[in-house]
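Chemist: Quick one: sequence and predicted model below, then my questions.
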Amino acid sequence: MEEIKKSAEDSILNAGSIKDLEDIRVKYMGKKGEITSLMKNMGSLSNEEKPAYGQAINNLKDHVNTLLDNKKSELNTIELNARLQDETLDVTLPPYETFEGSIHPVTQTIEEIISIFGEMGFTVAEGPNIEDDWHNFTALNIPEYHPARQEHDTFYLPADENDQRFVLRTHTSPVQIRTMETQKPPFRVICPGRTYRSDSDATHTPMFHQVEMIVVEENVNFAHLKGCIIEFCRKFFGVDDLPVRFRPSFFPFTEPSAEVDIGCSKKDGALKIGGGDDWLEILGSGMIHPNVLKNAGLDPEKYQGFALGMGIERIAMLKYGIADLRTFYDSDLRWLRHYGFKALQQPNLLRGE
Amino acid sequence: MKFTLNWLKEHLETNATLEEISYKLTMLGLEVEGIENPAQMYKDYIIGEIRSANKHPDADKLQLLSVFDGEKEHQVVCGAPNARAGLKGVFGREGVYVPGGDFKLKKGKIRGVESCGMMMSERELCISDEHDGIIEFSSDNEFAIVGNNPVKALGLDDAVIEIAITPNRGDCCGVRYIARDLASAGLGTLKPLKTISYDGTGFQSPIKTALNLKDDNSTHSKLLIGAYIKDVANKQSPEWLQKRLKAIGLRPISALVDITNYFTFDLCRPLHTYDADKIQGNILQIRMASENESFTGVADDKDYTLSQDTLVVADNNQALAIAGVMGGKDSGINEQTKNVFLEVAVFNPVTVALAGRKYNIQSDSRFRFERGIDEQASLEYAKHAVQMILNICGGEASALEIATSQSTYDETFKVPPMAFNPKKVKSLTSINIALKEQKIYLERVGCIVDDSQDIWQVIRPSWRYDIYTQACLVEEILRLHGYDKVEILELPKNDYLPKQVTTSEQERRFRLTRSLASHGLQEAVTFSFLSEKEAKLFGGNNPNLILSNPISEDLKVMRPTLIPNLVSALSRNLAKGLNGGALFEVGPQFQGVKPEDQPVVVGGVRAGVSLNRSWNHTGRQADVFDVKADVYKALESINAPVANLQTITETPTYYHPTRSGALVLGRNTLAYFGELHPAVLKDMGFKGRMVAFEIFLDKIPVAKNKGTSKPYLDIPQLQSLKRDFAFVVDKNIQAEKLLRAVKGADKKLITDVTLFDIYEGTGLEDNQKSLGLTISIQPLSKTLTNEEIENISQKVIAQAEKTCNAFLRV
């Protein structure tokens, strides 16, 4: 028995591979293995000797099994290490190409505006780019020969068979009228979209974007207009104490009307929003003119409301430090990547979620 | 509108500073656009006197001056030909800013000689273009005192203020009315007009005035006042008047012209003066032009052919002026004019606007008439105009000839009262202003207020046409009270507010946009218009979509699709060497002018490298299946029923006829994708291949809102299995047809079919191809027996044969 034990120990110690080890296991521990076969000797022993002999064999079995297991684990480790060495990769190789596009600053800004006004209870409305004369001008209290019309630099389209004249909308304000015509007050609506004016220089492009905001409710007044606009400006520019100034102005479709400035500083050519001793004009607003309510079929004695109109590129330029308006429409890939936004960088569009 | 501070102070008694006035103007709605203040600009300059002038030792054209600044002498090298001893001019010492050259003066050496300062020319000070020599003050200039600031001696001691005129404040095209607005806001008091001796009486004018307008035309004019002034001398106007006109950018011409210009800007009262000796007959009348009446303008020397809806001022013979727009050449005044006839008239703003537009004439007179002038003040201003002519040109004035549309002057310009409920102030602005205070504000603006009843009766000032509703009166009260006094209120949270900010259509559009951006495409915004040629290439033929007044030929027609502008944009990038671009846009395309013909669609283009060559593969150019993937990615992002889509090969003509497809759902085309037609690309100046896609959002059904809870998912417990098939089919058979057929072979158990191989060539006939498919089978309630699996295979083979004539490749 001792001989077998010694021989098994030597074999296991010298085994060079998992396969050798398996052969060794079969040789000693298999059905006909040397250690298994020792059991056959049991018959020739007395009853007194049997327990001790059996115990010895079992001890030997356990001993050899343990040796086998240990060796196996040792050999596994050696083999794995060899394989790992064999599998060496140059991990400094560049990764596989992935593709990430970008969102245009105009879209991003529109979504930001929607999300801020969304929190205040507004919904989004839209209207056509080609408008009729009524919605773009007349209904908005801009009569045909009023000087206010000349200031619009309107693009005209041919009149139709009924002599109806069409224009490219010069502002998003016609959506006010369309909203009032189709929805019953009370409502709070914002209308972002493309607008057009026949003007092209360093600070004007023939197409640009505006957003219109309109509230029609029974008890809203100029104080709410101020609150609403101040909240928007502070949230949009992310400046909690942003100074916001309201001063009289004129828009045919509001009365009283207010131009809105935000505080800024212009030091050494660098513009900083907030604080400072300078003002930047950013939007026009006012209480909806009674004639506009009337034109849209609402009773000005019952309802009142307020509205604002704002250039989207302008506030995007201010917020994101974009210097040149014309670059918005160049579609230069480098510009789009630089000034654009990640697809997942989305302002929250849903209230309460 | 420009004016000077001193000019304003002629009408306004005030101690306010320029800064205070400027701030107040802006806060009254008369936004200050700019202030030129020479006193500020030239504050560091002084008047210097050249004590001696000697030749520069090393330069022929230079002199060495010794300039005395009142304290000491400075050596100055100067090249001005008029520099000489005794000359007094403007001296800039070291360190002053030179506006004409945009630099700071530094001590320096010129041709080896030190020069400390500079004698300035007008151009160097930005006063004029004059640069032939340095400024020299005449000996009788009382302000030319050595050592003093030169602003007064230069005659520039007046700040020029420019304000923006909103269309409602035509009155503020006159300095007096600006002063009036400031006074009403408490910034001083309005001075009365100067007392004058001319009272409208005098000798009988040999020329009478008449309104010759009948029936419908009678609304075109309310008033024509005339005055005959004989024996005038139309010389140069006095210096104060010239200076004032120059300060606001007008060129002085002659006394009579300058006087009319002055009234235009001072009192917003356009006038016209005729050479009385050139008026034919004895009457000046306002009438409609006769059809094709000819007229030559005095300001532009152009011939006009008038139509009969144009209002003119005429003598017995011909039109002498287009009413309110421009005077005529034939009756114009000049230096020889001896007798002058002054016209002070009132024209309907719309009439003037129409004429100005029709004949495309811009004038200061038109600008004021179409915004509305202070009609009621015409008589008073007429007298002042006559007086000013007499003061400057001498002569003798006739009695005024007055023709009005109503029986009396007062009746003609009577403003009817309007009702005003003072509670409107509170309801529109939330601010409590005492009734007494409200009344004071209105009166300060110039209103006449009757507050004897709860509902007031208010007569607006004659110069404020923009006040015509109660809201307008509220604005006036608020404007004087101060917008900053209105409290700040949050919008109330109301129950009716809808939960969703965007409609489902809008929300999914934003989602799709971000999905494409996450798929490697850059969002672009391109113009909604393009050239006629490009529109035609892309099927845009609707004449109603061509702009009547395009800004350029390139931006003339409303785009029929988004593709051409994206093609141009991507070509520009490729031309800059920016390869591998993928652009998309979400925006309107135009089929017609009705709202429903302007759907918002999605377009995208790719060209050049799609997958860059890399260490692990050879790379790939953008092709049809890139854009097909874009479309699927986009459609999946908005939960469109992509599994039910069919690909057909009918696409618009701008696509490659055999390399493009349309995705249809029933009768609706949801999208196009494919290569663009090489001929179309060539016409657009692009060489090479470009692929494009279009998605028609309005054709995609909006997924029904079934609440937030998703349907129960029964996850199969059994393992799915896969089987491969290689089918031989005719080359013309489209893959999608075979895939559909196979998938339909057992709708319960076959969950997926994928195409893993296409083979043509050896072993197959020329007109054959082999398609390798993998089907996934998902057992539901029990493991499938071999027999059952074989059964499914047989169904697949049978279905493939039936629909596509396919057989198994062996």
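Modeler: Great, that's in hand.
Chemist: Verify the contact between B:Glu94 and B:Ser115 for me.
Modeler: No: look at B:Glu94 against B:Ser115 with CB atoms under 8 Å: they stay out of range, at 9.7 Å. Heads up, the C-betas are built off the backbone N, CA and C, glycines and all.
Chemist: Identify the contacts common to those two.
Modeler: Common contacts of B:Glu94 and B:Ser115, defined by CB atoms under 8 Å, 6 or more residues apart in numbering or on different chains, comprise B:Lys107.
Chemist: Look through the chain and tell me its longest helix.
Modeler: In the absence of a named chain, chain A is used. The single longest helix within chain A, with elements called by DSSP state H, is helix A:49-86.
Chemist: not quite, I wanted chain B
Modeler: helix B:786-804.
Chemist: for that one, packing partners?
Modeler: strand B:721-730, helix B:735-743, strand B:768-777, strand B:807-808 (3 or more CB pairs under 8 Å, 6 or more residues apart in numbering or on different chains; DSSP states H and E).
Chemist: quick one: which helix or strand includes A:Gln210?
Modeler: strand A:207-217 (DSSP states H and E).
Chemist: If you count contacts, what does that strand end up packed against?
Modeler: Against strand A:207-217 (3+ CB pairs under 8 Å, 6+ apart) you get helix A:105-119, helix A:174-182, strand A:187-196, helix A:222-237, strand A:304-311, helix A:312-320.
Chemist: let's see 10 Å
Modeler: helix A:105-119, helix A:174-182, strand A:187-196, helix A:222-237, strand A:278-288, strand A:304-311, helix A:312-320 (3 or more CB pairs under 10 Å, 6 or more residues apart in numbering or on different chains; DSSP states H and E).
Chemist: Quickly list what A:Thr123 is bridged to.
Modeler: Per DSSP bridges, the residues bridged to A:Thr123 are A:Val189.
Chemist: rewinding a little: make a markdown table out of the helices and strands packed on helix B:786-804 and add mean neighbour count, mean pLDDT and distance to B:Asn317.
Modeler: Formatted as a markdown table, these follow (neighbours: other CB atoms under 10 Å in any protein chain shown; pLDDT from 0 to 100; distance: least, CB to CB, whole Å):
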| stretch | mean neighbour count | mean pLDDT | distance to B:Asn317 |
| --- | --- | --- | --- |
| strand B:721-730 | 16 | 95 | 92 |
| helix B:735-743 | 18 | 93 | 85 |
| strand B:768-777 | 18 | 95 | 93 |
| strand B:807-808 | 14 | 92 | 102 |
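Chemist: just so I know, which of these lies nearest chain A?
Modeler: Nearest to chain A among the helices and strands packed on helix B:786-804 is strand B:768-777; the distance by CB to the nearest CB comes to 24.0 Å.
Chemist: Just checking: what are the partner strands of the closest one?
Modeler: Here strand B:768-777 has these sheet partners by DSSP bridges: strand B:721-730 (antiparallel), strand B:750-759 (antiparallel).
Chemist: tilt between the first one and helix B:786-804?
Modeler: Strand B:721-730 and helix B:786-804 are oriented at 30 degrees to each other (axes from the mean of the first three to the mean of the last three CA atoms, to 10 degrees).
Chemist: coming back round to it: what's the closest of the helices and strands packed on helix B:786-804 to B:Ser378?
Modeler: helix B:735-743 (82.3 Å; CB to CB).
Chemist: Mind listing residues that contact that closest one?
Modeler: With contacts defined as CB atoms under 10 Å, 6 or more residues apart in numbering or on different chains, helix B:735-743 is touched by B:643, B:645-648, B:661, B:725, B:727, B:729, B:733-734, B:750-755, B:758, B:769, B:771, B:773, B:775, B:795-804, B:806.
Chemist: switch the cut-off to 6 Å
Modeler: When contacts are defined by CB atoms under 6 Å, 6 or more residues apart in numbering or on different chains, helix B:735-743 is touched by residues B:Thr647, B:Ile750, B:Val753, B:Leu755, B:Leu771, B:Val796, B:Gln799, B:Ala800, B:Thr803, B:Cys804.
Chemist: and what of stretch B:640-652?
Modeler: Stretch B:640-652 is contacted from outside by B:Gly539, B:Leu635, B:Glu636, B:Ser660, B:Gly661, B:Ala662, B:Leu663, B:Val664, B:Leu665, B:Tyr672, B:Ile700, B:Glu736, using CB under 6 Å, 6+ apart.
Chemist: Identify those among the residues you listed that sit within strands.
Modeler: Members of the contacts of stretch B:640-652 lying in strands (criterion: DSSP state E): B:Ser660, B:Gly661, B:Ala662, B:Leu663, B:Val664, B:Leu665, B:Tyr672.
Chemist: Tally up the residues packed near the fifth one, please.
Modeler: Translated: B:Val664. 17 (other CB atoms under 10 Å in any protein chain shown).
Chemist: now the first one
Modeler: Counted by other CB under 10 Å, the residues lying close to B:Ser660 total 24.
Chemist: which non-adjacent residue is nearest it?
Modeler: B:Gly674 (2.3 Å; CB to CB, 6 or more residues apart in numbering or on different chains).
Chemist: how about that neighbour, secondary structure?
Modeler: strand (DSSP: H, G, I helix; E, B strand; the rest coil).
Chemist: Let me see the contact set for residue 340.
Modeler: All of this refers to chain A. A:Gly340 neighbours (CB under 6 Å, 6+ apart): A:Ser102, A:Ile103, A:His104.
Chemist: Wait, chain B was what I had in mind.
Modeler: B:Val340 neighbours (CB under 6 Å, 6+ apart): B:Ile229, B:Val232, B:Thr273, B:Ala276.
Chemist: Make TSV out of these and add distance to chain A and neighbour count.
Modeler: As requested, those are exported to TSV (distance: CB to the nearest CB, whole Å; neighbours: other CB atoms under 10 Å in any protein chain shown):
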residue	distance to chain A	neighbour count
B:Ile229	33	26
B:Val232	35	23
B:Thr273	26	24
B:Ala276	33	24
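Chemist: Residues in contact with the helix or strand where B:Ser66 lies: which ones?
Modeler: Using DSSP H and E, the element containing B:Ser66 is strand B:59-68. With contact meaning CB under 6 Å, 6+ apart, strand B:59-68 is reached by B:48-54, B:56, B:73-74, B:76-79, B:83, B:91, B:111.
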